[in-house]
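Colleague: Coordinates for the following, if possible.
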Amino acid sequence: MSVRLFEGKEHALSYWKYRISPSEEIINKILVFLEKHRSRPFELVVDVGCGSGQGTVLLGPHFSKAVGTDVSPAQLEMARQHSSAENITYRECPAEELPFENATVDLVTSMSAFHWFDHPRFLKEADRILKPKGCLALLNYTINDMELSYGDCSNALSQICKEFADALMPYRNPYLGTTSMDHYKKAYNALEYLDKEWHETLQTRKTVSVSNYIGLVESFSPYQTILREDPEKARRLSQDTTERLLKAMGVTSPDTEIVLSVRYYCLLACKP
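Modeller: Prediction:
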């Protein structure tokens with residue numbers, strides 16, 4: 001089975017405003033892996049479960065054509081609003097039914113979405129559309145691995161960050177299990193491609209405001225579950241976390257900037 005979430009317009013806007021994108025270093029790691037197997041120029045990349053399109057935009061300059069796909073019309077509308085590149089387009093479709101001919105795609109990516117798919121069906125579909133020596137890149141980061149830095153109170157901030165994440169755990173979708181990483185490791189082990197790599201400690205650091213960090217966490221599915229079930233509880237959780245962070249920092253404005261560190265993990269594989 002696959003899971004359909006993140007489809008409302010407000011949630012799509014939250015995705016665009018707050019979700020972080022892979023660093024240039026991570027994108028380059030994917031491209032270097034691809035270049036080991038296929039010579040430039042690269043023709044077509046398909047970014048599956050693209051959401052509001054941040055990852056698709058990062059890939060676009062490196063390909064003749066980039067296509068982002070998603071099941072959510074609201075997410076795709078947001079992606080189209082923020083993409084002006086002529087070589088980037090978006091298609092509405094399930095991850096397990098991709099509208100591309102056999103062996104026509106250089107690179108298939110999924111950034112923070114694969115764990116929601118029907119994994120065997122998606123991997124079979126990715127294999128179908130990939131060219132020989134085409135590559136697959138599945139990457140994700142988790143809320144549990146986030147750290148915050150500010151002055152000499154970074155440890156305190158990271159502890160508050162962890163407690164915020166822990167408060168959301170009871171609302172985690174059962175489909176995901178204890179950790180999303182398990183889905184990616186299982187896919188890595190299941191793939192029969194001989195040339196594949198597993199990377200577990202790819203760090204991305206970004207300067208964000210305290211309010212933007214809160215907005216990022218609010219965009220995750222467990223928080224959205226609380227928001228649907230008990231809006232007041234969700235509001236209190238965000239407010240209390242914001243107040244604790246500001247107090248630890250010795251500031252009063254949620255616009256104060258902090259450094260957010262996120263740990264990505266990534267599966268790279270090349271079709272024979």
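
Colleague: quick one: low-confidence ranges for the protein?
Modeller: 1-13, 15-16 (pLDDT under 70).

Colleague: how about the helices of the chain, start to end?
Modeller: 9-18, 24-35, 54-59, 73-81, 119-129, 154-168, 181-190, 210-218, 221-229, 231-249 (DSSP state H).

Colleague: who wins for proximity to Thr204 among those helices?
Modeller: helix 24-35 (6.8 Å; Cβ to Cβ). (Each C-beta comes from the backbone N, C-alpha and C, glycine too.)

Colleague: Not counting the closest one itself, show me its contacts.
Modeller: In this structure, residues lying in contact with helix 24-35 by Cβ atoms under 8 Å, 6 or more residues apart in numbering are 42, 58-59, 62, 106-107, 109, 135, 137, 139, 197, 199, 202, 204, 264, 266, 268, 270.

Colleague: Pipe the helices of the chain into a markdown table and attach mean neighbour count and distance to Pro174 per row.
Modeller: Output for the helices of the chain, formatted as a markdown table (neighbours: other Cβ atoms under 10 Å; distance: least, Cβ to Cβ, whole Å):
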| stretch | mean neighbour count | distance to Pro174 |
| --- | --- | --- |
| helix 9-18 | 18 | 20 |
| helix 24-35 | 17 | 29 |
| helix 54-59 | 23 | 26 |
| helix 73-81 | 19 | 23 |
| helix 119-129 | 19 | 15 |
| helix 154-168 | 17 | 14 |
| helix 181-190 | 16 | 13 |
| helix 210-218 | 20 | 20 |
| helix 221-229 | 17 | 11 |
| helix 231-249 | 15 | 20 |
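
Colleague: circling back to that earlier point, list the ones among the contacts of helix 24-35 that fall in strands.
Modeller: Counting by DSSP state E, the part of the contacts of helix 24-35 found in strands is 42, 106-107, 109, 135, 137, 139, 197, 199, 202, 204, 264, 266, 268, 270.

Colleague: Would you write a PyMOL line that selects the buried entries of the contacts of helix 24-35?
Modeller: Applying 16 or more other Cβ atoms under 10 Å to these leaves a buried subset, and the PyMOL line that selects it is:
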select buried, resi 42+58+59+62+106+107+109+135+137+139+202+204+264+266+268+270
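
Colleague: For the nearest residue to Asn140 once chain neighbours are set aside, give me its contacts.
Modeller: In this structure, Asn140 finds its nearest non-sequential neighbour in Ser112, 4.9 Å apart by Cβ to Cβ, 6 or more residues apart in numbering. The neighbourhood of Ser112, defined by Cβ under 8 Å, 6+ apart, consists of Arg19, Gly49, Gly51, Leu139, Asn140, Tyr141.

Colleague: Could you give the number of residues near the first one?
Modeller: Counted with other Cβ atoms under 10 Å, the burial measure for Arg19 works out to 18 neighbours.

Colleague: and it, what is it in contact with?
Modeller: Contacts of Arg19 by Cβ under 8 Å, 6+ apart are Gly51, Ser52, Gln54, Ser112, Leu216, Ser219.
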